[in-house]
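K.L.:
Attaching a predicted model along with its sequence, questions to come.
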Amino acid sequence: MILADTEQKLSPSAPALYEAFLARFAAGDYETAAALGEQLAQIRYAPAIDHVFGLSGACFRSGRHDLALRLAHSLLAVVPNFRPALEIVSKITGDRIYRTTDNPVVPAVQVAAYRVFASHCAGGTVIDVGCGLGLGTQILTRSGARVVATDIEGTALHYARETYPVDAGYVQGSATHLPFASRSFDFVTCVDVIEHIPDYGRALEEMKRVARRGVLISTPNRLPENTNPDGTPRNYWHVFEWSPEQICAVLAKHFREFDLNFLCGDGDRPYFSRVRRADKIQALVVIAYSGSMPDEST
């Protein structure tokens with residue numbers, strides 16, 4: 001809760017205002033919801049603040065930059081250094097473009113996904129699509145894979161080379177237009193990337209095109225606590241998030257055969273599972289087959 005250390009201005013009408021805000025947000029009425037959200041921010045109604053920012057992100061994604069800016073500024077009036085709101089303002093106004101290297105932290109769930117994929121890729125050739133900060137590329141390379149790392153951001157590739165130096169190739173490029181010949185790699189790895197891509201179907205087809213053996217994908221699981229009332233992701237950099245059933249429907253349009261696995265548990269120690277567990281599912285881990293896959297014991 002971002003108002004934990006900020007005085008809350010209580011209002012007897014605040015709960016009703018909050019309910020109206022949630023109803024309009026869920027209905028996709030961003031204009032009315034934004035007006036209500038601004039009021040909730042002004043009175044510093046703590047239970048609503050996270051959802052007000054969620055609406056700002058939803059407006060940003062949908063191209064309603066006027067509403068996104070209004071909401072971001074209303075939040076910054078309460079919490080002046082609230083980083084996500086600052087990022088939205090910077091992205092829209094052009095004062096500064098947010099880049100991967102602005103927050104150089106690799107989440108534990110990404111590390112876990114790369115370690116799972118490294119066991120499949122050892123000894124093979126790999127293109128790491130959306131390599132980001134480069135730690136995953138290092139994990140893959142140290143497993144014995146011969147890796148080419150790609151990212152749409154040149155700054156990310158430079159950071160990866162400097163921070164996690166390994167004997168790998170680095171090529172700037174888009175996941176939807178991979179600059180490689182068909183079937184030129186044994187494997188493709190893609191960790192926490194497809195949820196950022198509006199034309200994710202094109203990206204999946206490109207990854208399938210360049211892979212001889214398998215496409216290995218990890219993407220966040222769609223969780224209620226990470227979803228806005230209108231169904232959009234609360235992470236405004238994510239265009240989509242999928243449940244296990246939804247990701248299977250997506251994959252079935254692009255691959256004849258695939259396995260869905262899971263990274264489960266809370267916090268910084270996610271564990272790999274081939275079956276759904278009672279524990280929270282943090283990420284969906286996909287192994288899609290383009291040809292023969294190695295035995296997992298190798």
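P.N.:
It's in. Predicted model, so just to flag it, every value in this text is computed and none were measured.
K.L.:
rest of the way, CA atoms for contacts and neighbours
P.N.:
Noted.
K.L.:
What segments of the stretch 51-200 of the chain are helices?
P.N.:
Shown for the stretch 51-200 of the chain, the helices assigned by DSSP state H, counting those that start in this stretch span residues 65-76, 83-93, 108-121, 135-142, 154-163, 200-210.
K.L.:
In TSV: those, plus mean neighbour count, distance to residue 249 and mean pLDDT.
P.N.:
Conversion of the helices of the stretch 51-200 of the chain to TSV gives the following (neighbours: other Cα atoms under 10 Å; distance: least, Cα to Cα, whole Å; pLDDT from 0 to 100):
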stretch	mean neighbour count	distance to residue 249	mean pLDDT
helix 65-76	22	32	90
helix 83-93	17	32	82
helix 108-121	22	21	96
helix 135-142	24	27	96
helix 154-163	18	32	92
helix 200-210	20	12	96
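K.L.:
Export those helices as JSON lines, with columns for distance to residue 220.
P.N.:
Below are the helices of the stretch 51-200 of the chain laid out as JSON lines (distance: least, Cα to Cα, whole Å):
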{"stretch": "helix 65-76", "distance to residue 220": "24"}
{"stretch": "helix 83-93", "distance to residue 220": "19"}
{"stretch": "helix 108-121", "distance to residue 220": "9"}
{"stretch": "helix 135-142", "distance to residue 220": "16"}
{"stretch": "helix 154-163", "distance to residue 220": "21"}
{"stretch": "helix 200-210", "distance to residue 220": "14"}
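K.L.:
Nearest approach to residue 247 belongs to which of those helices?
P.N.:
Between residue 247 and those, the tightest spacing by Cα to Cα is seen for helix 200-210, at 11.5 Å.
K.L.:
which outside residues touch the closest one?
P.N.:
Counting by Cα atoms under 8 Å, 6 or more residues apart in numbering, helix 200-210 makes contact with 175-178, 180-185, 188, 194, 197, 214-215, 254, 290, all of which sit outside it.
K.L.:
between the helix or strand of the chain at the bottom of the mean pLDDT ranking and helix 65-76, how many degrees?
P.N.:
For the chain, the helix or strand with the lowest mean confidence is helix 83-93, at a mean of 82 (criterion: mean pLDDT, DSSP states H and E). Helix 83-93 and helix 65-76 are oriented at 150 degrees to each other (axes from the mean of the first three to the mean of the last three Cα atoms, to 10 degrees).
K.L.:
and helix 83-93, how far out from the chain's middle?
P.N.:
A distance of 17 Å separates the C-alpha centroid of helix 83-93 from that of its chain, computed with Cα atoms, centre = their mean, to the nearest Å.
K.L.:
tell me what that helix is packed against?
P.N.:
Contacts defined by 3 or more Cα pairs under 8 Å, 6 or more residues apart in numbering; DSSP states H and E place helix 83-93 against helix 46-62, helix 65-76.
K.L.:
So residue 88 is in contact with residue 60, correct?
P.N.:
Yes. Checked against Cα atoms under 8 Å, the pair residue 88 and residue 60 is within contact range at 7.4 Å.
K.L.:
Need the overlap of contacts for those two.
P.N.:
For the pair residue 88 and residue 60, residues contacting each of them under the criterion Cα under 8 Å, 6+ apart are residue 68.
K.L.:
before we move on, back to that, and the angle for the least confident helix or strand of the chain with helix 46-62?
P.N.:
Inter-element angle recorded for helix 83-93 and helix 46-62: 30 degrees (by the same axes, to 10 degrees).
K.L.:
Do you have the strands of the stretch 101-250 of the chain handy? List them.
P.N.:
125-129, 146-151, 169-172, 185-191, 211-220 (DSSP state E, counting those that start in this stretch).
K.L.:
Show me the domain layout of this protein.
P.N.:
What the record gives for the chain is the domain set 14-96, 108-289, from automatic domain parsing.
K.L.:
mean pLDDT for the ones you listed: which is lowest?
P.N.:
With a mean of 88, domain 14-96 has the lowest mean pLDDT of the domains of the chain.
K.L.:
gap between that one and the chain center?
P.N.:
In terms of Cα atoms, centre = their mean, the centre of domain 14-96 is found 20 Å from the chain centre.
K.L.:
To residue 40, which of the helices and strands packed on helix 83-93 lies closest?
P.N.:
The nearest among the helices and strands packed on helix 83-93, by Cα to Cα, is helix 46-62 at 6.7 Å.
K.L.:
Other residues contacting that closest one?
P.N.:
Helix 46-62 has contacts (Cα under 8 Å, 6+ apart) with 1-4, 8, 18, 25, 30, 33-34, 37-38, 40-41, 65, 67-69, 71-72, 75, 85, 88, 228, 232-237, 239.
K.L.:
rerun at 6 Å
P.N.:
By Cα atoms under 6 Å, 6 or more residues apart in numbering, the surrounding residues in contact with helix 46-62 are 3, 37, 68, 71, 234, 236.
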